[in-house]
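Chemist: prediction below, plus the sequence it came from.
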Amino acid sequence: MSLKVGASIPVSTNYIRSNPAVPVYRGDEILENLFAVIYHIEIGYNKDGVQEVKQYIIVDYKEYSLSENDKEGIMNIAKDYCVQKGIDNSENVEIKLLDNEVAENFIERIFNNMKVIRGLITN
């Protein structure tokens with residue numbers, strides 16, 4: 001098989017930014033009480049010649065079987081995070097619970113790739 005690099009293809013994504021992860025504790029702020037982690041990813045893109053930003057608030061919780069009350073509580077914490085960060089509740093904001101291992105592994109790879117790209121990981 002012969003492979004070669006083709007011509008550049010313009011894409012509408014201008015940037016991808018990850019904000020610091022925010023831990024959520026059940027009780028005191030110690031590792032044993034870590035209940036979830038909030039990830040905040042921003043993707044800048046052009047839409048009809050105007051710069052737009054899509055924001056994803058992703059909540060990775062440590063237990064794979066949560067009660068509806070716990071899920072609602074986590075969603076409320078994520079919404080409070082948005083209010084604290086001045087993120088409006090618009091169509092460009094999505095809050096998702098990361099509730100399966102395939103999705104979790106995908107997000108982990110994205111963050112690891114972003115660290116490599118930014119030069120934050122040294123060998």
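Modeler: Okay, I see it.
Chemist: and the next helix or strand past the lengthiest strand in the chain?
Modeler: What stands out as the longest strand in the chain, according to DSSP state E, is strand 34-47. Counting by DSSP states H and E, the next helix or strand C-terminal to strand 34-47 is strand 50-61.
Chemist: now do the strands in this structure.
Modeler: Using DSSP E, the strands found in the chain span residues 13-18, 22-25, 34-47, 50-61, 93-98.
Chemist: now mean pLDDT too, for those, in a markdown table please.
Modeler: Formatted as a markdown table, the strands of the chain follow (pLDDT from 0 to 100):
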| stretch | mean pLDDT |
| --- | --- |
| strand 13-18 | 79 |
| strand 22-25 | 90 |
| strand 34-47 | 86 |
| strand 50-61 | 86 |
| strand 93-98 | 86 |
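Chemist: tabulate those strands (a markdown table), appending distance to E72.
Modeler: The C-beta positions use only the backbone N, C-alpha and C, and glycine is treated the same way. Below are the strands of the chain laid out as a markdown table (distance: least, C-beta to C-beta, whole Å):
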| stretch | distance to E72 |
| --- | --- |
| strand 13-18 | 26 |
| strand 22-25 | 14 |
| strand 34-47 | 13 |
| strand 50-61 | 12 |
| strand 93-98 | 10 |
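Chemist: could you dump these to CSV with mean neighbour count and distance to V83?
Modeler: Below are the strands of the chain laid out as CSV (neighbours: other C-beta atoms under 10 Å; distance: least, C-beta to C-beta, whole Å):
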stretch, mean neighbour count, distance to V83
strand 13-18, 12, 20
strand 22-25, 16, 13
strand 34-47, 17, 13
strand 50-61, 16, 11
strand 93-98, 16, 11
